[in-house]
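K.L.:
Task: produce atomic coordinates for the following.
(chains A, B, C and D, ligands or ions: 2)
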Amino acid sequence: MLTNIESRDAVTLIQVQEERLDAHNSPELKNQMLKLLEEGNHRMIIDLQDVRFVDSSGLGALVSGFKNASARNGSLKLCGLQPQVQSMFELTRLHRVFDIFSDRHQALSSFQDLSEQT
Amino acid sequence: MLTNIESRDAVTLIQVQEERLDAHNSPELKNQMLKLLEEGNHRMIIDLQDVRFVDSSGLGALVSGFKNASARNGSLKLCGLQPQVQSMFELTRLHRVFDIFSDRHQALSSFQDLSEQT
Amino acid sequence: MSERIFLDISFPYETDYLCLIGKIGEQLAWNLSSFSGDRETLAYHVNLVLTEAVANAIEHAADNRSSPFLHVTIRVENGLLTIRVFDQGPGFSLCDVQESCDDTLEEHGRGIFIIKSLMDRVSYIKLDDGHVLEMEKNLY
Amino acid sequence: MSERIFLDISFPYETDYLCLIGKIGEQLAWNLSSFSGDRETLAYHVNLVLTEAVANAIEHAADNRSSPFLHVTIRVENGLLTIRVFDQGPGFSLCDVQESCDDTLEEHGRGIFIIKSLMDRVSYIKLDDGHVLEMEKNLY
Ligand SMILES: Nc1ncnc2c1ncn2[C@@H]1O[C@H](COP(=O)(O)OP(=O)(O)O)[C@@H](O)[C@H]1O
Ligand SMILES: Nc1ncnc2c1ncn2[C@@H]1O[C@H](COP(=O)(O)OP(=O)(O)O)[C@@H](O)[C@H]1O
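P.N.:
Numbering: from 1, shown residues only, chains lettered A, B, ... in the order given. Ligands and ions are numbered 1, 2, ... in the order given. You can find the predicted model right below:
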């Protein structure tokens, strides 16, 4: 599982650098997210712009990250969904669960808006 | 067989707009070249920039065009060969038969140089 | 005449092969001249249902198997695309699997739902030496 | 452990299928993790030898056939890639085919030369019901 991990303004940005997110590599993404959460990174953005294919197990890994973040009063947001990937979220109704942004800048500024409010 | 045919300065430019030139479509290219020759177009450039794959039958079609043009005191030149296509010409030694140019401009000016000389 | 092609693929019970199997199906879909709909979407869907079905066979049916190879067939005939994934596991009932995904935060349980959503007919059939998940799609 | 995959493909004797068969082989080559060389070149070569061999079967062996389907297998095992193209034509001798292409202006006769150049071992074998062109490539 190739990922690029960056920190910006107390937000952790994980870019999944794989064409496919499937039962072969999604367990690793799940573990990476969990490890980052346990290290105290409670605000995460998963950038899926390089991902052209996601299966139910890839979706499951993201749900797992989402639940683990919420359990720690954090949050996990998504951005950069390719059209076919987006359609998987719609088919499984997960687009109503996740905050989904078109790109990382919009996802980042959604965290900043939040900071200003509080 | 998708081709785009243009005339420039008494030279006929045939751009093969197919990803593959194989036993399925090369007979058609062969016929197109022959028809153009019979209509009096004796100077031809085949632009292969869109072609990513060529088999022995595609090579054979080009050899056929080459021979038919030579038989009419014309000539057939090639341009735009992708690396893997170029390697097929080298493997079969056909790079020593054809005049091969990197792009259509160089192929066109080779015809002009010739006109100036005569 | 409509196209006909029959593909048989055997490979070990390992997720390393998911990508290849999915992509072979995708390639087939891209090259189906008889299909009148959106080819890119068909290619994605064929890749996906293959991936889901094979991943299920690896996860849920890799135990009491007699052969080290998983077996998949893809056939196109009379405008019908049929994908079969054979397994030698304990089997399950398609009817026991949920029919919708509404607002669930489960990590699992979306594979069969996706397959049923994207294919026109799905059956899980008992054979002498195991089961087969059969998925059909009308091409026109 | 090295990868193993077995592919069987059957399809009508028509050049419409060349592209698909070639691309399935190409896809396989792209996904061979055991191959240490240049994957793009391997993918091209597998596509090419499949295309050449299948085109030959369609052109030279489509007459006295008993089945309407051409049969191709692609296998990877123990670091060896084996491609087999079965035909039910009159057959031919590999030795009668020229070994080089030097400065020839022939339109035909480069297919077998290309196959021999790109693969490590090529044999044409008589079977009960026809022949098989067997092409092998060492992956490491
Ligand atoms: N090939 C199979 N053999 C046995 N059980 C299976 C098989 N495929 C699916 N199942 C059962 O159906 C359930 C639902 O499958 P699926 O929707 O793909 O979700 P998941 O695999 O993520 O649990 C599985 O949890 C499993 O119990
Ligand atoms: N499957 C086959 N069955 C019968 N003859 C074949 C077969 N493949 C090749 N040949 C013979 O070998 C010759 C050389 O084949 P090849 O190098 O591919 O050139 P081409 O097919 O362009 O003539 C063919 O002309 C044909 O006589």
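K.L.:
With chain B in mind, check whether the biggest helix by length in chain C reaches it.
P.N.:
Longest helix in chain C, counting residues (DSSP state H): helix C:39-60. No - Helix C:39-60 lies out of reach of chain B by CB under 8 Å from any CB of the partner chain, never closer than 14.7 Å. The C-beta positions use only the backbone N, C-alpha and C, and glycine is treated the same way.
K.L.:
Alpha carbons of that helix, in CSV - could you do that?
P.N.:
Included here for helix C:39-60 are C-alpha records, laid out as CSV according to Å, rounded to 0.1, in the frame of the first residue of the first chain:
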residue,chain,number,x,y,z
ARG,C,39,-18.5,0.5,-22.2
GLU,C,40,-16.4,2.2,-19.5
THR,C,41,-19.1,1.6,-16.9
LEU,C,42,-19.5,-2.0,-18.0
ALA,C,43,-15.7,-2.5,-17.8
TYR,C,44,-15.7,-1.2,-14.3
HIS,C,45,-18.7,-3.3,-13.2
VAL,C,46,-17.2,-6.5,-14.7
ASN,C,47,-13.9,-5.8,-12.9
LEU,C,48,-15.8,-5.1,-9.7
VAL,C,49,-18.1,-8.2,-9.6
LEU,C,50,-15.1,-10.4,-10.4
THR,C,51,-13.1,-8.8,-7.6
GLU,C,52,-16.0,-9.2,-5.1
ALA,C,53,-16.8,-12.8,-6.0
VAL,C,54,-13.2,-13.9,-6.1
ALA,C,55,-12.4,-12.1,-2.8
ASN,C,56,-15.4,-13.9,-1.2
ALA,C,57,-14.2,-17.3,-2.4
ILE,C,58,-10.8,-16.6,-1.0
GLU,C,59,-12.2,-15.3,2.3
HIS,C,60,-15.1,-17.6,2.9
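K.L.:
Let's check: the centremost residue of chain A is which one?
P.N.:
For chain A, the residue sitting closest to the mean C-alpha position, by CA atoms, centre = their mean, is A:Ile46 at 2.8 Å.
K.L.:
For that residue, what is the enclosing helix or strand?
P.N.:
According to DSSP states H and E, A:Ile46 maps onto strand A:43-47.
K.L.:
near chain D, anything from the longest helix of chain C?
P.N.:
No - using CB under 8 Å from any CB, we find that helix C:39-60 stays clear of chain D, coming within 11.1 Å at best.
K.L.:
Remind me what that helix packs against, helices and strands.
P.N.:
Contact analysis of helix C:39-60 by 3 or more CB pairs under 8 Å, 6 or more residues apart in numbering or on different chains; DSSP states H and E lists strand A:53-54, helix A:83-91, helix C:18-30, strand C:69-77, strand C:80-87, helix C:111-118, strand C:130-138 as its packing neighbours.
K.L.:
let's see it at 7 Å
P.N.:
Identification of packing neighbours for helix C:39-60 by 3 or more CB pairs under 7 Å, 6 or more residues apart in numbering or on different chains; DSSP states H and E yields helix C:18-30, strand C:69-77, strand C:80-87, helix C:111-118, strand C:130-138.
K.L.:
Now render the ones you listed as TSV, adding mean neighbour count.
P.N.:
TSV is the format used below for the helices and strands packed on helix C:39-60 (neighbours: other CB atoms under 10 Å in any protein chain shown):
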stretch	mean neighbour count
helix C:18-30	23
strand C:69-77	19
strand C:80-87	22
helix C:111-118	20
strand C:130-138	20
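K.L.:
between the ones you listed, which gets nearest to A:Leu59?
P.N.:
Nearest to A:Leu59, of all the helices and strands packed on helix C:39-60, is helix C:111-118, at 9.0 Å by CB to CB.
K.L.:
And the strand holding A:Ile46, what does it pack against?
P.N.:
If you count contacts as 3+ CB pairs under 7 Å, 6+ apart, strand A:43-47 packs onto strand A:11-16, helix A:56-71, strand A:75-79, helix A:104-117.
K.L.:
To chain C, which of these lies closest?
P.N.:
helix A:56-71 (3.8 Å; CB to the nearest CB).
K.L.:
gap between that closest one and the chain center?
P.N.:
Distance, stretch centre to chain centre, for helix A:56-71: 8 Å (CA atoms, centre = their mean, to the nearest Å).
K.L.:
Can you name the residue of chain A nearest ligand 2?
P.N.:
At 35.9 Å from ligand 2, A:Glu19 is the closest residue in chain A, using CB to the nearest ligand atom.
K.L.:
ok, now chain C?
P.N.:
Nearest residue of chain C to ligand 2, counting by CB to the nearest ligand atom: C:Ile5, 20.0 Å away.
K.L.:
so where's the chain uncertain?
P.N.:
Picking chain A for this. The model of chain A has pLDDT under 70 over residues A:114-118.
K.L.:
that's the other chain; I wanted chain C
P.N.:
Applying pLDDT under 70 to chain C flags the ranges C:1, C:103.
K.L.:
what's the residue closest to the geometric middle of it?
P.N.:
Nearest to the mean C-alpha position of chain C, by CA atoms, centre = their mean, lies C:Leu50 at 3.8 Å.
K.L.:
Was I right to think that one contacts C:Ile21?
P.N.:
Yes - under the criterion of CB atoms under 7 Å, C:Leu50 makes contact with C:Ile21 at 5.4 Å.
K.L.:
Please give the centre-to-centre distance between stretch C:102-118 and its chain.
P.N.:
From the chain centre to the centre of stretch C:102-118 is a distance of 15 Å (CA atoms, centre = their mean).
K.L.:
same question but for stretch C:72-81, I mixed them up
P.N.:
Counting by CA atoms, centre = their mean, stretch C:72-81 comes out at 12 Å from the chain centroid.
K.L.:
Now do that stretch: everything it contacts.
P.N.:
C:2-9, C:21, C:25, C:28, C:32, C:34, C:54, C:82-85, C:136-140 (CB atoms under 7 Å, 6 or more residues apart in numbering or on different chains).
K.L.:
Beta-bridge partners for C:Gly130, please?
P.N.:
Residues in a beta bridge with C:Gly130, per DSSP bridges, are C:Leu127.
K.L.:
Format the CA atom coordinates belonging to the strand holding A:Ile46 as CSV.
P.N.:
Provided in CSV are the C-alpha atoms of strand A:43-47 (Å, rounded to 0.1, in the frame of the first residue of the first chain):
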residue,chain,number,x,y,z
ARG,A,43,-8.4,14.8,12.0
MET,A,44,-7.8,13.0,8.8
ILE,A,45,-8.3,13.5,5.1
ILE,A,46,-8.1,10.5,2.8
ASP,A,47,-7.2,11.8,-0.7
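K.L.:
got the angle between it and helix A:56-71?
P.N.:
Interaxial angle of strand A:43-47 relative to helix A:56-71 (axes from the mean of the first three to the mean of the last three CA atoms, to 10 degrees): 160 degrees.
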